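got a predicted model here, sequence first, then my questions.
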Amino acid sequence: MRFQTPLVPARLIRRYKRFLADCRLEEDGREVTAHCANPGSMAGLAEPGVKVWLEPNDNPRRKLKFAWRLVDHENGHFTGVDTSVPNRALREALEAGVIAPLAGYDSIRAEVKYGAASRVDFLLRGRGLRDAWVEVKSVTLCRRPGLAEFPDSVTARGTRHLRELAAMVRAGDRAVMFYLVQRTDCTGFDLARDIDPAYAEAFDEAVAQGVECLVWRADLSPQGVALGPRIDCRRGDGLALSGGAS
């Protein structure tokens with residue numbers, strides 16, 4: 001998945017109102033405001049002065065002419081900040097059949113209503129296969145070298161999704177939590193239990209009832225995004241997450 005237009009490097013001045021970021025372009029020193037497609041805390045990614053990559057656009061319908069896509073850690077590694085990327089990357093991977101645990105389905109539908117008032121990211125259907133309800137999450141938090149964590153802030157919505165997925169398993173279908181680690185510097189994954197204990201508890205309950213956990217890493221560069229290697233759904237201490245969700 002390539003970026004639509006070549007990215008340009010900049011330095012972050014500040015992020016504010018969640019979806020706005022003032023940046024200084026490295027090429028000419030011009031100050032611009034970029035759209036930040038990330039409602040989370042972006043812990044460790046939004047410090048003033050950090051190098052970022054912006055995608056310019058000339059669409060007259062868009063008020064902002066730049067979108068923040070990457071954080072450049074200036075050590076050869078990148079973090080993707082656009083939370084819409086995991087859904088698009090997974091859609092491409094599902095259509096190509098390269099996610100082995102989710103291969104073999106003929107129908108891929110997005111934003112299907114389920115639960116009390118939710119829409120699942122993907123509903124997969126195939127002859128002779130149980131329907132698979134797939135929720136997708138973007139992972140960008142890293143507090144220990146090499147270890148990605150989710151969530152980076154309290155997510156009541158995410159907790160609700162886990163409970164709704166568990167209900168689909170009880171109804172006889174498959175249910176899958178798919179985490180895409182948008183960091184090239186991480187090789188492990190864990191839950192940030194201290195940040196949102198309620199989410200961690202709901203996760204444990206969900207996998208105990210049969211909700212599956214899949215974790216993949218994205219390969220990121222200023223040229224584009226590709227699906228990288230699978231990451232074991234394991235704790236930072238090397239033990240499997242509750243319920244054997246690997």
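Looks like it came in fine. Owing to the predicted nature of the structure, the values given are computational and were not obtained by experimental measurement.

what's the domain layout of this protein?
8-80, 85-230 (automatic domain parsing).

how about those, which one is nearest residue 1?
domain 85-230 (4.8 Å; CB to CB). All C-beta spots, glycine's among them, are computed from the backbone N, C-alpha and C.

buried sites along stretch 212-224?
212, 213, 214, 215, 216, 217, 218, 220, 221, 222 (16 or more other CB atoms under 10 Å).

skipping its backbone neighbours, what lies nearest the last one in space?
With CB to CB, 6 or more residues apart in numbering as the criterion, residue 222 has its nearest non-adjacent residue at 4.4 Å, and that residue is residue 7.

next, the residue in the chain sticking out farthest from the centre: secondary structure please.
Using CA atoms, centre = their mean, the residue of the chain lying farthest from its centre is residue 28. It sits 32.0 Å away. Of the three states, residue 28 takes coil according to DSSP: H, G, I helix; E, B strand; the rest coil.

show me what the helix or strand containing residue 215 is packed against.
In this assignment (DSSP states H and E), residue 215 forms part of strand 212-221. Judged by 3 or more CB pairs under 8 Å, 6 or more residues apart in numbering; DSSP states H and E, strand 212-221 is in contact with strand 78-80, helix 85-96, strand 174-181, strand 224-230.

switch to 7 Å and redo it
strand 78-80, strand 174-181, strand 224-230 (3 or more CB pairs under 7 Å, 6 or more residues apart in numbering; DSSP states H and E).

can you tell me the strand partners of it and which way each runs?
Here strand 212-221 has these sheet partners by DSSP bridges: strand 174-181 (parallel), strand 224-230 (antiparallel).

what's the longest helix in this protein?
As assigned by DSSP state H, the longest helix anywhere in the chain is helix 156-170.

tell me the buried residues in it?
By 16+ other CB under 10 Å, the buried positions in helix 156-170 come out as 158, 159, 160, 161, 162, 163, 164, 165, 166, 167, 168, 169.
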